[in-house]
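[1] coordinates only, no sequence provided:
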């Protein structure tokens, strides 16, 4: 299914996700950001076995 979307502040995308019309490619989320999780994320991507996105989250500003 192809969806043509004009995004205004992300609300259109959020609605389409909520409706199940589109879905994220996020498959792995690691956190908090630290040396161990950065190393693990790098290993996952380097393995070529990962399908989807790997996100390292939890950076405090």
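    Sure thing, it's come through. Because the structure is predicted, anything quoted here is derived from the model rather than measured.

[2] how distant is the host helix or strand of residue 29 from the center of its chain?
    Assigned by DSSP states H and E, residue 29 belongs to strand 26-30. On the basis of CA atoms, centre = their mean, to the nearest Å, strand 26-30 is displaced by 6 Å from the centre of the chain it belongs to.

[3] would you indicate which residues of it are buried?
    For strand 26-30, the neighbour count (16 or more other CB atoms under 10 Å) marks residue 30 as buried. Where you see a C-beta, it was placed from the backbone N, CA and C, and this is true even at glycine.

[4] what residues does the residue most central in space within the chain make contact with?
    Nearest residue to the geometric centre of the chain (CA atoms, centre = their mean): residue 26, 3.5 Å. If a contact means CB atoms under 8 Å, 6 or more residues apart in numbering, then residue 26 has 52-53, 55 as its contacts.

[5] for residue 38, give me its contacts.
    Here residue 38 is in contact with residue 56 (CB under 8 Å, 6+ apart).

[6] for burial, what's the neighbour tally of residue 32?
    Counted with other CB atoms under 10 Å, the neighbours of residue 32 add up to 11.

[7] which strand or helix spans it?
    Going by DSSP H and E, residue 32 is not in any helix or strand.

[8] next: the one 4 residues further on.
    According to DSSP H and E, residue 36 maps onto helix 35-46.

[9] next, the contact list for residue 25, please.
    The contact partners of residue 25, by CB under 8 Å, 6+ apart, come to 52-53.

[10] mind running it again at 10 Å?
    Counting by CB atoms under 10 Å, 6 or more residues apart in numbering, residue 25 touches 51-53.

[11] need those residues in TSV (columns: distance to residue 22, secondary structure and neighbour count).
    Formatted as TSV, the contacts of residue 25 follow (distance: CB to CB, whole Å; DSSP: H, G, I helix; E, B strand; the rest coil; neighbours: other CB atoms under 10 Å):
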residue	distance to residue 22	secondary structure	neighbour count
51	17	coil	8
52	14	coil	10
53	14	strand	12
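
[12] having no further points to raise, I will conclude here.
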